[in-house]
Every structure is written in structure tokens, then in C-alpha cells.
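Student: How does the following fold in three dimensions:
(chains A and B)
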There are 2 protein chains.
Amino acid sequence: MMDAAHPEVSGERFVAVYRVVGDEARARDVADAICVEQTVEFPRRLLPPGGIERDVVGRLEAFESDGESAWRCSISFPIEDTGFELPQLLNVIWGNVSLLPRVRLLHIDLSPSLWARFPGPRFGRQGLRDHVAVHGRPLLCTALKPMGLDAQMLAGYAYEFAMGGIDLIKDDHGLSNQPFAPWYERVQRCAEAVAEANARTGRHTIYLANVTGPTDAVLERAHAARVMGAGGVLVSPGLVGFDAMRALAADAELNLPVMSHPAFIGSYVTEADSGIAFSVLFGEIMRLAGADAVIFPHYGGRLSLSAADCRETARGINQPMGPILEAFPVPSGGMVLEMVPEITAFYGSEVILLIGGGLFAYSSDVRKSSERFLASLENG
Amino acid sequence: MMDAAHPEVSGERFVAVYRVVGDEARARDVADAICVEQTVEFPRRLLPPGGIERDVVGRLEAFESDGESAWRCSISFPIEDTGFELPQLLNVIWGNVSLLPRVRLLHIDLSPSLWARFPGPRFGRQGLRDHVAVHGRPLLCTALKPMGLDAQMLAGYAYEFAMGGIDLIKDDHGLSNQPFAPWYERVQRCAEAVAEANARTGRHTIYLANVTGPTDAVLERAHAARVMGAGGVLVSPGLVGFDAMRALAADAELNLPVMSHPAFIGSYVTEADSGIAFSVLFGEIMRLAGADAVIFPHYGGRLSLSAADCRETARGINQPMGPILEAFPVPSGGMVLEMVPEITAFYGSEVILLIGGGLFAYSSDVRKSSERFLASLENG
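Tutor: From the prediction side, this is the model:
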């Protein structure tokens, strides 16, 4: 077998950085396995003479100690291995390696051709601020809940939240197309309610419809939501695939901000030595896949991240990433009004404050709770 | 706030079973969090008077010790919470809980209405056997590789494999739409090569095209593959979403067997106390989402599962699951010919033996390797 030449290979490569726990021999074995397993999945010694080793297989670019019994391996891959499609890019980075314990993906460093192909968030922080016409302070967000209310009741809350000054009113991520509040009716009513409130307040509050659903319904619902007046979409890429989110962000006709929810993907981050780093999953991958705002659990809330985990998450969301825009961090999960000063101190003002149940806990009059939420910033 | 009645709630519930590691107080807290967090995400004490607690929130049905400092919690949910859509069903089962460490999903027990909505594999084991006209012995499978070869060379191997007696010839899961062997050209050539071999051998070998790709391309490629003569599809649900696989299996016009690949989802299973059990991820969820054959790493191979993990995986793939058909286990990852007796002893004859690189290792004449592979069964 002779391998044909690869005139189509540009020589441009991108880099993924992994941390391997174990002794040096194990780490070098794993690094070599990553080079092979993520690309040719074929014994090196049997590769045909020719360019495959050079043009297709991953290459260990750096190997360094990273604390006791841990090693940092930087591996480069030819951009052509990705086929310039997001699922295959993610496959090269974390496909079969995902099956190896004590390996953690620490960083992805793309390259110009891939950035051109995967432009990331359509709006980014500044664009989302312009979209809701709020600058100079954190944005306020809440969620329509609880599941079980009918569409009219949820829309009633949407109206009150908007009257009270919330900037972004999203569906709870568990609201899909349940008989309690069927998708079309809910989105129609909630979008109308927010528009009506905006007409009174002069604000530009947006309603973000949850478009997480069957694979053929995601884009369809997003377009329907836009027609009905939704100002953004919420999606859980763990449930529909990262590429579905990318497609939402890339859709010029849709042209709506995208907020991501971490449902179903917590398992990638919860074990410190395995899986994907917080900064990569919630930062680099979410931005690569087009999220303008990224929901993740704040350490003071119901779900157990540490302050260090949240700091790392925020770093991934904020750090430079070629031409890809920064997203908004959206710390959440059991936030209450009393935590606003602490959250803004921790993340700074480039943050979306998401309080859901906590607004109901403050007062059953959620307009009043929302006004208090806004005042907590303006007075702060 | 008064909650409307829920005449749409049937009273039918399904069950998810979780293992929580920690002391009893932690386990009870987590169980309660699951009931709430996966449904209303709302403080119980603030739920409106009315039926939400009864008709929407999860309910702890059983709580038992499961070894030292571990607890088994069975929680039921109203079927209506799922909206009868797979992404939301998975969200109810493992959405926010995925963010909790030391909780593992052990089992899903659906109910008649959900089984009716999610019928699972279209072919199942018997159907796939009929499709390739092979009964009474394990099926033989190989993968077209390595990435970097052009479409003509890959098709040349497909022809040799088919001539040698392989039943299922799949794209390597990393072959997507790279410039080395662009998708349409590769699928066309490989399907033709297998058809040509079948015309000579009288066998019914199938070529399974990898349709993992951008969200809007998955079904489109599957239909194109069928038109070009592919006899099945390969998909990595971790990269495109489980619902995309369900849509492939549910497509009556497509009517092709579906083989699943575990790329990107290893992180759910690698840590024993967290994530999703092997039997659930590779068994229950893959079948629920329509896989006729499920690839997973065999313990003797390149990727590190234990024999117990593989036994548990096989159990999930084989166990009764209402009307949902059994799938084929496809143990893989560095298999070689010498392992055939061991693998068939371990899994029995209802197995697909997948040897990729190992056929090249046996001989550079892969027709000869394939003949040896087949003979290893017939003589066995």
C-alpha cells in the first residue's frame, strides 16, 4: 500500500493541551495514544509509507511536569483532520480520549483557518448589551418557572419581571413542550407579554425561548420564536449537540443572541483529574460553539463548584481566543438577592446575574422583587 | 398565585435510579434535590397551592443502603415532564444532576407511554442478522482506515474486506468530510465496492457510512448514503446529540440499521462514583435512542475498561427493556484475531466482533486477514 501525497494539507495545525495523572511512562503512553487515537486509530508501524504520519497524525509538541505525578502534554493536529466541521473538531480533541480516566483537557488553541470557519458568538458581550440597551452595569436575568404552570401564568410572570426591570427573561431550561404549557402557546404569550411591558417601560427587555428539543425542531423553533417576538434563545448543547448551538449562532436570518445551559454536561467537569476543564467546557467550547452567554453553577448556590472552579470558568469565558468574542458569564443555581454584591465583586460588572426562585423567595410580588434586584445594582 | 389543575396529567410515571456516595444525610439531600432540580427547579415551600407537587415534582420511591457510605435512590417522575421529547427526557433524568459529583445514574425504568413514543432500535439483533443474512454465529465487522487515504484506496480496502467475508464494513468514526477523502466521494466509492464484491460472493455485506457531521447534515447524509447503496449508518451521538440518532432510527424512508460510536461520551462513565453507569449509557440510553449495535471499548484493548465494566455494559445492551429490542454489543478498541475465542466466550455469539487495525496487523493482504477472521469462527 502506497499512500498518495496530500497536496490538500496546508501545514496549519491547532493545539490541544491535556493533563495526564500518573508516572512519566504512563503519561508518555497516553500522549502517544492521543496523537494516534484521535486521528488515524491505526498502529504507527503499519502506516503506509508516505505523508500520513506527517500530515494526519497528532504530534507531541511539549511535555512538561505539572506537579507531582502529573504531566502537561501539548499536542498539535493538522487542521484538515477536522474536516472543518465542529463535531469532527470536537472528536479530534476529545473523542476516544474521553474514554481514558485521569486525563483532563486543559486548553484548546485554534488557528486562523479554524477561527474563520467557527466564528463563535454572533453578539458577544458588547452586542448583547446593545441588544438590550444596557451598559455600565451587570445585566439582570431571571427564569420563568415552575414547570406545571400554564402558558398564561408564565406569561403573567414574564410581564411582571419585565415591568420590574429584568433585562433578560428566559424559559426555565426544563420548559420544553410539556402539555402544561405547550411550546408555541408559551412562546407566543411570553413574547407578547414582554413586548407589552417594553411598550410601557421604554426598556428593551428580551424574552429568551428555550429551543432545546428534537433535532429537527431546534432551528425551526428558533425561527418561530423570532417571528413571535422572542429576543433570544436558550439552548442546552449537552442535550442537542454543540453543533446545533453553532447553527443557531451562525444563522444570519435568525440573528438572535444565544444563551447556553449546562444540563447533561456536568459529568465532563465534576472530577478534577478527568474530563474537561471548566475553562474549556464552559469557556472555550461554548464560545467556539456560539454562546453569547454561558450559564454555569456559581459556588455559593445549590450545585457544588468551588470558588476556584468558578474563577477558572470565568477565565475561559473572558480570555482572548483569537477573533472569537467574549461571552457573558451567567453564574446561577440558587442565587438570592443578598448575593448580588458578592457575585459582582467576584465576576466584575461584565456578568449576567441570574436569579430565578430567589425572586419568588424575596416576595410573591415578583415585580417588586425585580425592582429590588435592579435597585441593588443602581444603589450599589 | 393559584396553580391551575392539571387535567393533562395521566398519573403514569417513570423511574430513574441513582447511587449517591456520602452519609445518609447527604444522600437524602441529594435525592430531594433530584426530585426538585430535575423538574420545577423551584423551592418546594414556594410552590403554589395546587397540583404541582403531585403532578410535576419527582418523588422518592425507595431509599436503601448500597454498601458502605452509599445509597440507592429510586425516583419517579410524571411522564408529562418529558414533553415526550428525547432531549427533555434525558434532561429530567440527568440534566442538572450531572453537575453533582458522587452521584451515578444506575438505571432507567420507562413506562408504556414512553416506550410507545421512543420505540428504540428499528432492526435490533434479529433484524440486523436478517439484513446481512447471517445467523448462528457472531457478526464480523471492520473499519475503513487510516484517515489520510483517499476515497479510492479506502474503497479498495472495502472491496477486499467484503471479498474476504466481513459482514459489516464501517467508516472509521473519525472519517467525516476531510479533504483526504471527501464524504460524498468516499461513500459513493465504498458502497459501490461492497456491492461489487457482494455480486461476486453472493453475500450481503453492508457498508456503514459515518453520518456524524453538522446538525443539518446528519439526516441528509444518511439519505444520500442510502441512495448510494450504503447498508447502514454509523453515528457518534456524543458529537451530534442522542436525538439525532433517534431521528435516524425513526426514519421509515431511511430504514437502515444504526451503529453507535462512543466518541466524546467516555467522560460519563470513567469515574466509578460519578456520571452514568456503563449499562445505562451504552445499554439503556443507546437503545432508547435507537442503536441497533453499540460500540464500546473491550477490556482487553487499548482503552481502559475492566472486565466487570464490560460485563455491565453487555448486561445493559441485552437486558429486557419493555418492548425495546436488544442491540448488538460491539466490543472494540485494539482487538486482534487472537482474541476472537476470548471475546466470544465472554459475550456469547450475540456479538459483533470489530477488528480494525488488527486485520492489517495480521497481513497486509486484508482479504486474507478477513478470511482468517471468518475461519476463526467457522472452525471455532
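Student: Contacts only, for the closest residue to residue A:360 other than its chain neighbours.
Tutor: Closest residue in space to residue A:360, ignoring its immediate chain neighbours: residue B:46 at 5.1 Å, by CB to CB, 6 or more residues apart in numbering or on different chains. C-beta here means a position set from N, CA and C on the backbone, and glycine is covered the same way. The neighbours of residue B:46, taking CB atoms under 8 Å, 6 or more residues apart in numbering or on different chains as the test, are A:357, A:360-361.
Student: other SSEs contacting the helix or strand where residue A:77 lies?
Tutor: Using DSSP states H and E, the element containing residue A:77 is strand A:70-78. Packing contacts for strand A:70-78, counted by 3 or more CB pairs under 8 Å, 6 or more residues apart in numbering or on different chains; DSSP states H and E, involve strand A:13-21, helix A:24-37, strand A:59-65.
Student: Which of these sits closest to residue B:188?
Tutor: helix A:24-37 (28.0 Å; CB to CB).
Student: how far is that closest one from where the chain is centred?
Tutor: 29 Å (CA atoms, centre = their mean, to the nearest Å).
Student: what does stretch A:124-144 give?
Tutor: That offset, for stretch A:124-144, works out to 17 Å (CA atoms, centre = their mean).
Student: what do you get for stretch A:50-69?
Tutor: 28 Å.
Student: End to end on that stretch, go ahead and measure it.
Tutor: 37 Å (CA to CA, to the nearest Å).
Student: hang on, the earlier thing: deepest in the core, which of the helices and strands packed on strand A:70-78 is it.
Tutor: strand A:13-21 (a mean of 21; mean count of other CB atoms under 10 Å in any protein chain shown).
Student: Let me know the angle separating that one from helix A:24-37.
Tutor: 150 degrees (axes from the mean of the first three to the mean of the last three CA atoms, to 10 degrees).
Student: Now residue A:184: closest residue in space that isn't a chain neighbour?
Tutor: In space, residue A:184 is closest to residue A:224, 6.9 Å off (CB to CB, 6+ apart).
Student: same check, this time on residue A:172
Tutor: The nearest residue in space to residue A:172 (CB to CB, 6+ apart) is residue A:145, at 4.0 Å.
Student: show me the contacts for the one you found.
Tutor: A:154, A:172, A:174-175, A:356-357, B:40-42.
Student: roughly how far apart are residue A:265 and residue A:242?
Tutor: 9 Å (CB to CB, to the nearest Å).
Student: Same question for residue A:186.
Tutor: 26 Å.
Student: Residue A:356 too?
Tutor: For residue A:356, the distance to residue A:242 - CB to CB - is 25 Å.
Student: If you count surrounding residues, which of these two has more?
Tutor: residue A:242 (27 against 22; other CB atoms under 10 Å in any protein chain shown).
Student: Is there a neighbour count for the residue lying closest to the more buried one once chain neighbours are set aside? I'd like the number.
Tutor: Among residues not flanking residue A:242 along the chain, residue A:289 sits closest, at 4.1 Å (CB to CB, 6+ apart). A count of neighbours around residue A:289, defined by other CB under 10 Å, yields 27.
Student: before we move on, the earlier item: just the pLDDT at the residue nearest to residue A:360, thanks.
Tutor: Listed pLDDT for residue B:46 reads 94.
Student: do the same with residue A:1
Tutor: 51.
Student: got it, and residue A:380?
Tutor: 51.
Student: any idea how far the residue nearest to the spatial centre of chain A is from chain B?
Tutor: The residue lying closest to the centre of chain A (CA atoms, centre = their mean) is residue A:286, at 3.2 Å. From residue A:286 across to chain B, the span is 15 Å (CB to the nearest CB, to the nearest Å).
Student: Could you list the residues in contact with the one helix or strand that residue maps to?
Tutor: Assigned by DSSP H and E, residue A:286 belongs to helix A:286-288. Applying CB under 8 Å, 6+ apart, the contact partners of helix A:286-288 are A:86, A:89, A:108, A:110, A:118, A:120-121, A:237, A:242, A:246, A:260, A:294, A:317, A:321, A:324-327.
Student: can you do 10 Å?
Tutor: A:86, A:89-90, A:93, A:108, A:110, A:114-115, A:118-121, A:124, A:237, A:242, A:245-246, A:249, A:258, A:260, A:262, A:265, A:280, A:292-296, A:313, A:316-319, A:321, A:324-327 (CB atoms under 10 Å, 6 or more residues apart in numbering or on different chains).
Student: how about low-confidence regions in the stretch 251-380 of chain A?
Tutor: Judged by pLDDT under 70, the stretch 251-380 of chain A has its weakly predicted residues at A:301-303, A:379-380.
Student: hang on, isn't the residue nearest to residue A:184 packed against residue A:186?
Tutor: No: using CB atoms under 10 Å, residue A:224 is not in contact with residue A:186; the gap is 11.6 Å.
Student: check contacts around residue A:132.
Tutor: Residue A:132 touches A:139-140, A:167-168, A:203-206, A:231-232, A:257, counting by CB under 10 Å, 6+ apart.
Student: if you set the cut-off to 8 Å instead, what comes out?
Tutor: A:139, A:167-168, A:204-206, A:231.
Student: where's the residue nearest to residue A:242 relative to chain B, distance?
Tutor: 11 Å.
Student: repeat for residue A:314
Tutor: 17 Å.
Student: Equivalent analysis for residue A:291, please.
Tutor: Where chain B is concerned, residue A:291 sits at a distance of 15 Å (CB to the nearest CB).
Student: mind checking the SS state of that residue?
Tutor: For residue A:291, the assignment made with DSSP: H, G, I helix; E, B strand; the rest coil gives coil.
Student: just checking, it touches residue A:326?
Tutor: No: assessed by CB atoms under 8 Å, residue A:291 is found out of contact with residue A:326, at 10.7 Å.
Student: can you tell me the helix or strand for residue A:213?
Tutor: Applying DSSP H and E, one finds residue A:213 in no helix or strand.
Student: Might you report the residue contacts of it?
Tutor: A:176-177, A:183, A:221, A:240, B:85, B:87-88.
Student: Please repeat the previous calculation with a cut-off of 10 Å.
Tutor: With CB under 10 Å, 6+ apart, residue A:213 has these contacts: A:176-177, A:183, A:220-222, A:235-236, A:239-240, A:244, B:83, B:85-88, B:243.
Student: likewise residue A:337?
Tutor: Counting by CB under 10 Å, 6+ apart, residue A:337 has contacts A:353, A:355, A:358-359, A:361-363, A:369, A:372-373, A:375-376.
Student: Narrow those residues to those that are buried.
Tutor: Burial by neighbour count, judged by 16 or more other CB atoms under 10 Å in any protein chain shown, picks out A:353, A:355, A:358-359, A:361-362, A:369, A:372-373, A:376 from the contacts of residue A:337.
Student: Let's see which of the contacts of residue B:46 end up in helices.
Tutor: A:357, A:360-361 (DSSP state H).
Student: So for residue A:265 and residue A:242, which residues contact both of them?
Tutor: What both residue A:265 and residue A:242 touch, as defined by CB under 10 Å, 6+ apart, is the set A:285-286.
Student: Put the alpha carbons of stretch A:115-127 into CSV.
Tutor: Extracted as CSV, the C-alpha positions of stretch A:115-127 are listed here (Å, rounded to 0.1, in the frame of the first residue of the first chain):
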residue,chain,number,x,y,z
TRP,A,115,-11.4,30.7,13.6
ALA,A,116,-12.6,31.7,10.2
ARG,A,117,-14.7,28.6,10.0
PHE,A,118,-16.0,28.8,13.5
PRO,A,119,-16.6,32.4,14.3
GLY,A,120,-18.2,31.9,17.7
PRO,A,121,-20.8,34.2,19.3
ARG,A,122,-22.7,36.4,16.9
PHE,A,123,-23.3,39.1,19.5
GLY,A,124,-20.8,38.7,22.3
ARG,A,125,-20.9,40.9,25.3
GLN,A,126,-21.0,44.2,23.6
GLY,A,127,-23.5,43.1,21.1
